[in-house]
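# this one's structure only:
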Ligand code: GDP
Ligand code: MN
């Protein structure tokens, strides 16, 4: 079972030409938040994704930055795709820490996080990035008329030829979210994320979806200590440096209310809540779990983890291998939890 998922629209013709008037493309974009100095790593990611997939479909690329993109960045990135490239500046009001965040408390909390070994704890921009990916990116005016996105980071790899339109797959099969890798998180980054979520759920009991994956969210059987330290959250999350998703979910009232609640609680700054656990908890509670899809057929690497299918379409990764890093990293894989509680999606 390594081929394309069922129900795919196989690419037909020149209706996917970069300038096709009567296009088969969904309303979608490849999306990257990236810094100017990461241009060469961004180009490397683009070359992989263009070779394995996008050169067949020509979806536009949309790049976001809190600083204006340089001419060098624009020149190098647009040179490796036939598709349209959009270069967008993030408005200050989407990027800056909100007014209720106290810089002094941020500094104090960062010291505590750092002591607990939390990476990037005192790097303000990292917290801003996580918050922007959690609750801001889909509000950018450049995405106003766009529904689906595929998030791509600099320095990632794609290994397998994918011959169908991934965005049309999402749309035609009514999927909300697609992932490749599931991992446990460091509980020290989010000690109060679950308590805050539980409070929100108590205030909005009707927001819990009747076919949710809540059992996946709160599992305490496989890594009980993670659950304990995270005060009730398994920490198992979709690794969001890869995500293919429908922005209608992020734009829904349920998610907006949830993000607003978390944002007010301050944990994007006083702890280091990542967009991955925030997205994952929201999907696990507020969405029908059958609308979440594992892209087993998309070979992917973001250091130090891989998703590597068993298929002749894949070159350059070892089938089934999660990591070529330290052996203990294998323990971080929690895909089996997802399959246990939510099926194959
Ligand atoms: P990690 O994967 O958690 O180690 O975090 P990364 O350093 O890869 O950052 C995640 C993504 O956000 C990458 O695409 C970065 O290029 C981007 N990013 C992180 N911080 C900033 C920032 O301050 N400005 C911009 N423009 N992009 C950022
Ligand atoms: Mn990264």
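Right, received. Where do you want to start? Given the structure is predicted, the values throughout are model-derived calculations rather than measurements. Ligands and ions are numbered 1, 2, ... in the order given.

# So what's the predicted local confidence for residue 12?
Model confidence at residue 12, given as pLDDT, is 55.

# let me fix that: residue 343
Reported pLDDT for residue 343: 75.

# Help me confirm that residue 275 comes into contact with residue 240.
Yes. Residue 275 lies in contact with residue 240 (CB atoms under 8 Å); the separation is 5.4 Å. Bear in mind the C-beta positions are built from the backbone N, C-alpha and C, glycine included.

# Give me the common contacts of those two.
residue 133 (CB atoms under 8 Å, 6 or more residues apart in numbering).

# Now do the SS call for the residue nearest to residue 267 when sequence neighbours are not counted.
In space, and not counting its chain neighbours, residue 267 is closest to residue 273: 4.6 Å by CB to CB, 6 or more residues apart in numbering. Under DSSP: H, G, I helix; E, B strand; the rest coil, residue 273 falls in the coil class.

# So residue 273 versus residue 76, what's the distance?
Going from residue 273 to residue 76 by CB to CB, to the nearest Å gives 33 Å.

# what pLDDT does the nearest residue to residue 318 once chain neighbours are set aside get?
Sequence neighbours aside, residue 308 is the residue nearest to residue 318 in space, at 6.0 Å (criterion: CB to CB, 6+ apart). Here, the pLDDT recorded for residue 308 equals 95.

# which ones are touching residue 308?
Here residue 308 is in contact with 159, 299, 301, 314, 317-321 (CB under 8 Å, 6+ apart).

# Buried ones among those?
159, 299, 301, 314, 317 (16 or more other CB atoms under 10 Å).

# Three-state assignment for the last one, please.
Meaning residue 317. Applying three-state DSSP: residue 317 is coil.

# That one contacts residue 298, correct?
No. Assessed by CB under 8 Å, residue 317 is found out of contact with residue 298, at 11.2 Å.

# so what's residue 62 bridging to?
residue 31, residue 86 (DSSP bridges).

# So what's the residue count around it?
21 (other CB atoms under 10 Å).

# cool, and residue 211?
For residue 211, using other CB under 10 Å, the count is 10.

# contacting residues for it?
Listed by CB under 8 Å, 6+ apart, the contact partners of residue 211 are 288-290.

# at 6 Å what do you get?
288-289 (CB atoms under 6 Å, 6 or more residues apart in numbering).

# Check which helix or strand it maps to.
Under DSSP states H and E, no helix or strand contains residue 211.

# Skip the chain neighbours and tell me the closest residue to the residue most central in space within the chain.
Central residue of the chain (CA atoms, centre = their mean): residue 240, 2.5 Å from the mean position. Spatial nearest neighbour of residue 240, chain neighbours left out: residue 276 (4.0 Å); criterion: CB to CB, 6+ apart.

# so where's the protein uncertain?
1-4, 6-13, 344-345 (pLDDT under 70).

# could you redo the last one with a cut-off of 90?
1-14, 19-22, 342-345 (pLDDT under 90).

# picking that back up, out of the contacts of residue 308, which is nearest to residue 198?
Minimum distance to residue 198 across these is 34.7 Å, recorded for residue 301 (CB to CB).

# Get me the contact residues on the stretch 201-345 of the chain for ligand 1.
With CB under 6 Å from any ligand atom as the criterion, the stretch 201-345 of the chain meets ligand 1 at residues residue 241.

# in the stretch 201-345 of the chain, which spans are helices?
214-218, 224-229, 247-250, 253-265, 267-270, 275-286, 335-342 (DSSP state H, counting those that start in this stretch).

# Could you export these to CSV, including columns for mean neighbour count and distance to residue 152?
As requested, the helices of the stretch 201-345 of the chain are exported to CSV (neighbours: other CB atoms under 10 Å; distance: least, CB to CB, whole Å):
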stretch, mean neighbour count, distance to residue 152
helix 214-218, 20, 26
helix 224-229, 15, 28
helix 247-250, 18, 16
helix 253-265, 17, 22
helix 267-270, 23, 23
helix 275-286, 25, 15
helix 335-342, 18, 21
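
# what's across from the closest residue to residue 337 other than its chain neighbours in the sheet?
Spatial nearest neighbour of residue 337, excluding adjacent residues (CB to CB, 6+ apart): residue 236 at 5.0 Å. Beta-bridge partners recorded for residue 236 (DSSP bridges): residue 184.

# who's in contact with residue 236?
Contacts of residue 236 by CB under 6 Å, 6+ apart are 182, 184, 334, 337.

# right, and the third one touches residue 184 too?
In other words, residue 334. Yes. With contact defined as CB atoms under 6 Å, residue 334 counts as touching residue 184 (5.4 Å).
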